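A.B. asks: predicted coordinates and the sequence they were generated for:
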Amino acid sequence: MAKLVYSAIASLDGYVADEDGNFDWAVPDEEVHAFINDLDRPLGIYLYGRRMYQTMVGWEIDPTLADRSPLMRDFAEIWQAADKIVYSGTLEAVSTAKTRIERDFDPEAVRNMKASAGRDMLVGGPHLAAQAFRAGLVDECHLFVAPIVVGGGKRSLPDDVRLKLELLDERRFGSGMVYLYYRTSRTR
Ligand SMILES: NC(=O)c1ccc[n+]([C@@H]2O[C@H](COP(=O)([O-])OP(=O)(O)OC[C@H]3O[C@@H](n4cnc5c(N)ncnc54)[C@H](OP(=O)(O)O)[C@@H]3O)[C@@H](O)[C@H]2O)c1
């Protein structure tokens with residue numbers, strides 16, 4: 001059974017983007033980027049909300065991103081190698097290979113995918129991930145906490161979900177970012 005992993009870089013107060021939609025404070029430095037590359041390398045399928053997909057497509061359609069450094073090239077190659085499913089009611093076409101659109105988030109379909117996928121899967125974009133959390137589909141969280149309080153914006157975790165978490169690992173980076181790796185289990 002493949003695991004479904006939720007991964008996010010958030011402020012200390014729990015936002016992936018501030019009230020103006022900015023998340024420049026969440027951009028990983030080289031040390032964090034190298035760590036994320038290794039976390040993402042084994043993942044086979046990315047489940048993306050449309051907004052997160054549109055943030056990430058540059059890793060395939062903008063070659064200048066990969067040209068910035070060997071680390072960025074490595075990430076671009078990892079990203080391009082994975083299959084992607086984009087959930088959207090509005091997107092008419094995708095601009096990347098190995099990508100398909102789903103019009104609805106069907107928990108049963110994702111459960112079946114987990115049962116048949118040979119490699120672990122990622123869910124990204126908090127709006128989409130909230131639905132996976134509510135359906136009890138998220139097995140692990142990779143949370144990066146940036147050393148900033150932004151005061152509001154887009155929450156990294158949904159309000160209406162209660163989960164017990166088991167801390168499996170943690171790491172502190174030179175930039176002040178902290179990685180928290182949790183396994184989830186539902187509470188009654
Ligand atoms: N902190 C960081 O490192 C970081 C990195 C990247 C991005 N971000 C921020 O995070 C934001 C993305 O998070 P998000 O929570 O706003 O968006 P998201 O979950 O990525 O995308 C939301 C969109 O996904 C589609 N969707 C969600 N559930 C669906 C369903 N059940 N059926 C069909 N479509 C569904 C809808 O698209 P349609 O509107 O097309 O129907 C919805 O508007 C970005 O916009 C950016 O601001 C932060």
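C.D. replies: Arrived safely, thanks for sending.
A.B. asks: the helix or strand encompassing Ile85 near the ligand anywhere?
C.D. replies: Element membership of Ile85 [criterion: DSSP states H and E] is strand 83-87. Yes - Strand 83-87 is in contact with the ligand by CB under 6 Å from any ligand atom, via Tyr87. (Each C-beta comes from the backbone N, C-alpha and C, glycine too.)
A.B. asks: stretch 81-96 - what's its average pLDDT?
C.D. replies: On average, the pLDDT along stretch 81-96 is 98.
A.B. asks: which helix or strand in the chain has the lowest average pLDDT?
C.D. replies: Every helix and strand of the chain was ranked by mean pLDDT, DSSP states H and E. The lowest is strand 178-186, at a mean of 92.
A.B. asks: tell me which residues of it are tucked away?
C.D. replies: By 16 or more other CB atoms under 10 Å, the buried positions in strand 178-186 come out as 179, 181-182, 184.
A.B. asks: what pairs with it, and is each one parallel or antiparallel?
C.D. replies: Applying DSSP bridges to the sheet, strand 178-186 is found paired with strand 140-146 (antiparallel), strand 163-172 (antiparallel).
A.B. asks: show the subsequent helix or strand relative to the shortest one.
C.D. replies: In other words, strand 140-146. Heading C-terminal from strand 140-146 (DSSP H and E), you reach strand 154-155.
A.B. asks: list the contacts of that following strand.
C.D. replies: 14-17, 21, 126 (CB atoms under 8 Å, 6 or more residues apart in numbering).
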